[in-house]
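>>> structure, please.
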Amino acid sequence: MTTKTPEFQFREVLLKLLDGLSDSDCKKLKFLLGEDIPRRLQDDPTIGGTLDLFQKLFDQHKISEQNFTYLINAFEAIKCFHAAQCLKSKQLILPSTSTTNNCIF
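The predicted structure follows:
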């Protein structure tokens, strides 16, 4: 069995987080981050569009498995406190362990 890398673990967290976001949450997030993402991502209402948003933030080094405060601040700004709290709890865990903590939405 292979060990999950910290980046893989963080991406798992983002996928679980995405499952708990409403369409409205995703739209608000894309609007808020409009300066950092291309218009085509802002206008994409699909789950794929939100995944592309996360990837763009990785590519721009705005988030990583070691630092995702930018995303926590964004979720707090759109009043998506469950997502922000989930990520805050991950800051204490990642990347030091190979297990993921489940967030309940």
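
>>> low pLDDT regions in the protein?
By pLDDT under 70, the weakly predicted segments of the chain are 1, 92-105.

>>> same thing but at 50, please
Along the chain, the parts satisfying pLDDT under 50 run over 96-101, 104-105.

>>> most centrally placed residue in it?
In the chain, the C-alpha nearest the mean C-alpha coordinate belongs to Leu14, at 4.4 Å (CA atoms, centre = their mean).

>>> any idea whether that residue is helix, strand or coil?
helix (DSSP: H, G, I helix; E, B strand; the rest coil).

>>> that one and Ile63, how far apart?
Counting by CB to CB, to the nearest Å, the gap between Leu14 and Ile63 amounts to 9 Å. Heads up, the C-betas are built off the backbone N, CA and C, glycines and all.

>>> cool, and Leu33?
11 Å.
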